[in-house]
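S.K.: Just a sequence and a predicted model for now, questions to come.
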Amino acid sequence: MPSYCGQSAEELTQRGRSEGFVFEVSDELYDRDAKPGTVLKQNPMPGEKVKHGRKVYLTVAAAEPPTIKMLELRDLSLRQAQIMIESQGLVLERVIEKPSPYENVVLEVLYKGHSIAQGTPIKQGEKITLVVGKDIGGLPDSTQTATSENPL
């Protein structure tokens, strides 16, 4: 079995019979480094011995990244939010710290400079900015109780 990786899936399916195989696109994956429509993977694998006329299943590069729904990241720890962002195929572009009594808790999620709500459709590979709390001395602690000397 020869390697068909990097070749055009459309050309392979059109000329398949002349190569002695039947080519079938079984899946598409987004790979920003690959030209859309090119073969990323094949089954059977290159180098395997196969019979003439065998079906070759191709995984090809998709033209567009898949769309996902934005997750709810507010009120999570920065670390939890980072893990969830990566698991969804998004990119954490930067972290902005904002004075808050809640250290390293996500206060806001930004996409292209604007707040983005949970459930908003977004393409995988897009960049996200997180605004997180930074405990800065002197902020009132919400757990303090009011006294005559220190009314809240």
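M.R.: Looks like it came in fine.
S.K.: Name the helix or strand for E10, please.
M.R.: helix 9-19 (DSSP states H and E).
S.K.: any low-confidence regions in the protein?
M.R.: The model of the chain has pLDDT under 70 over residues 16-18, 137-152.
S.K.: And the helices in it, which stretches?
M.R.: Assigned by DSSP state H, the chain shows helices spanning 9-19, 78-87.
S.K.: Just the CA trace of the helix holding E10, in CSV.
M.R.: Only the C-alpha atoms of helix 9-19 are listed here, as CSV (Å, rounded to 0.1, in the frame of the first residue of the first chain):
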residue,chain,number,x,y,z
ALA,A,9,-8.6,13.3,-2.0
GLU,A,10,-10.7,14.4,-4.9
GLU,A,11,-8.1,13.4,-7.4
LEU,A,12,-7.6,10.0,-5.7
THR,A,13,-11.4,9.2,-5.7
GLN,A,14,-11.7,10.2,-9.4
ARG,A,15,-8.7,8.1,-10.5
GLY,A,16,-9.1,5.3,-7.9
ARG,A,17,-9.9,2.4,-10.2
SER,A,18,-6.8,3.1,-12.3
GLU,A,19,-4.7,2.7,-9.1
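S.K.: List of residues touching that helix?
M.R.: The contact list for helix 9-19 (Cβ atoms under 8 Å, 6 or more residues apart in numbering) reads Y4, V22, F23, E24, V25, G37, T38, V39, V56, L58, V60. C-beta: built from backbone N, CA, C; applies to glycine.
S.K.: Name the residues of it that are buried.
M.R.: A9, L12, T13 (16 or more other Cβ atoms under 10 Å).
S.K.: Let's check: the centremost residue of this structure is which one?
M.R.: G89 (0.9 Å; Cα atoms, centre = their mean).
S.K.: so that residue sits right up against R32, yeah?
M.R.: No. Between G89 and R32 there is no contact under Cβ atoms under 8 Å: 10.6 Å.
S.K.: Give the residues shared as contacts by these two.
M.R.: P65, G125.
S.K.: What residues does V132 make contact with?
M.R.: Listed by Cβ under 8 Å, 6+ apart, the contact set of V132 reads L78, V95, I96, E97, K98, S100, N104, V105, V106, L107.
S.K.: Having no further points to raise, I will conclude here.
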